[in-house]
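Novice: Here is my input, please return the structure:
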Amino acid sequence: MAYHATAERPAWRTLPAALRSAVSARLGADVVEVRGAGAGFTRGFAAVLRTADGGSAFVKAAAHAEQPHLVDWYAREAAILARLPAGLPAPRLRWTLWEADWYALCLDPVDGHTPRLPWRPAELDATLTGYADIAAALAVPPTELADLGLPRLADLARDDILWWGEVAAGREPTPPLPASAARRLAELVALESRLPEYAAERTGLTHGDLRVDNVLIGPTGQAWFCDWTWLCHGPAWFDLANLLITGYASGLDVDTRFATHPAATDAPPDALDVTLAALAGYHLTSASTPP
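Specialist: Okay, here's the model as predicted:
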């Protein structure tokens, strides 16, 4: 998959004139160049805007009437970014606004690119180093973030991630599977069922959606972490496993990288199997449904 080109987004010129004027006013000058974000899986506007005075900013926006869920997500991300500990490799929130029934948030732009696939080992290792800093900073939830009432991965897993049990019970169609996997459905159910219990035992915070398209590699090789909508209470090793799936597909030794990463220090012995079983059910079931 070309993760840098997964999104279909509205063009700047199609946004309401009142919204474009309000954004330009907040930026302090007219927008003269728009570089759209091709990565992601939503239809919201997202682009780096360059202004006539030489400034730049990253702006995301969504229409409440057409995408109320996306407005909620953007507002949640803005609240989280405003409260993240200083110094983390995450874009800084500048401002938010409502205009013409659209919600917009503005972040510092990150001069970088989506990690190239297959993963370059140096880019993956830089991403793992940056994530270690994030996991350490969020191991004890900062008060400002804890006060937001963030969701718990244990609940998200029960509500949205665990699907093998639904398949086994006949409440969900069986996704296309090789015969060897189909014969081990009971084992997959047993593995994924442990995720909520494991997640509930961890009181720290984790990104919640750590994928290759939510990472940017800067010009110095540093990794930056974007799209903080799904920050939740749970183990950092869940995100670590999710990220390393594409590393495995790239032919890299991700088992060693998982086992030796600081985020996996307190992981149960079968945490990787449990996470991979749950994510496999989620992705295979989702892939077999209509767009």
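Novice: Dump the C-alpha coordinates for stretch 191-202 into CSV.
Specialist: The C-alpha trace of stretch 191-202 is given here as CSV (Å, rounded to 0.1, in the frame of the first residue of the first chain):
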residue,chain,number,x,y,z
LEU,A,191,-5.7,-15.4,22.3
GLU,A,192,-7.6,-12.2,21.4
SER,A,193,-9.8,-12.6,24.5
ARG,A,194,-6.8,-11.9,26.8
LEU,A,195,-6.2,-8.4,25.3
PRO,A,196,-8.8,-6.5,27.4
GLU,A,197,-7.4,-8.1,30.6
TYR,A,198,-3.9,-7.3,29.7
ALA,A,199,-4.8,-3.8,28.7
ALA,A,200,-6.7,-3.1,31.9
GLU,A,201,-3.7,-3.9,34.0
ARG,A,202,-1.7,-0.9,32.5
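Novice: Can you give the distance of it from its chain's centre?
Specialist: Its chain's C-alpha centre lies 20 Å from the corresponding centre of stretch 191-202 when counted by C-alpha atoms, centre = their mean, to the nearest Å.
Novice: now the strands for the stretch 51-200 of the chain?
Specialist: According to DSSP state E, counting those that start in this stretch, the stretch 51-200 of the chain carries its strands in the segments 56-63, 93-99, 102-107.
Novice: Switch the ones you listed over to TSV; also include mean pLDDT and mean neighbour count.
Specialist: Every residue, glycine included, has its C-beta placed from N, CA and C. Putting the strands of the stretch 51-200 of the chain into TSV (pLDDT from 0 to 100; neighbours: other C-beta atoms under 10 Å) gives the following:
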stretch	mean pLDDT	mean neighbour count
strand 56-63	97	22
strand 93-99	98	17
strand 102-107	98	23
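Novice: In CSV, list these along with distance to residue 149.
Specialist: As requested, the strands of the stretch 51-200 of the chain are exported to CSV (distance: least, C-beta to C-beta, whole Å):
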stretch, distance to residue 149
strand 56-63, 22
strand 93-99, 19
strand 102-107, 20
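Novice: Show me the one of the ones you listed that comes nearest residue 282.
Specialist: Closest of those to residue 282 is strand 56-63, at 24.5 Å (criterion: C-beta to C-beta).
Novice: other SSEs contacting the closest one?
Specialist: Using 3 or more C-beta pairs under 8 Å, 6 or more residues apart in numbering; DSSP states H and E as the contact test, the elements touching strand 56-63 are helix 17-27, strand 45-51, helix 68-81, strand 102-107.
Novice: Okay, angle between it and strand 102-107 too, please.
Specialist: 160 degrees (axes from the mean of the first three to the mean of the last three C-alpha atoms, to 10 degrees).
Novice: Would you check that residue 83 makes contact with residue 145?
Specialist: Yes. Under the criterion of C-beta atoms under 8 Å, residue 83 lies in contact with residue 145, with a separation of 5.0 Å.
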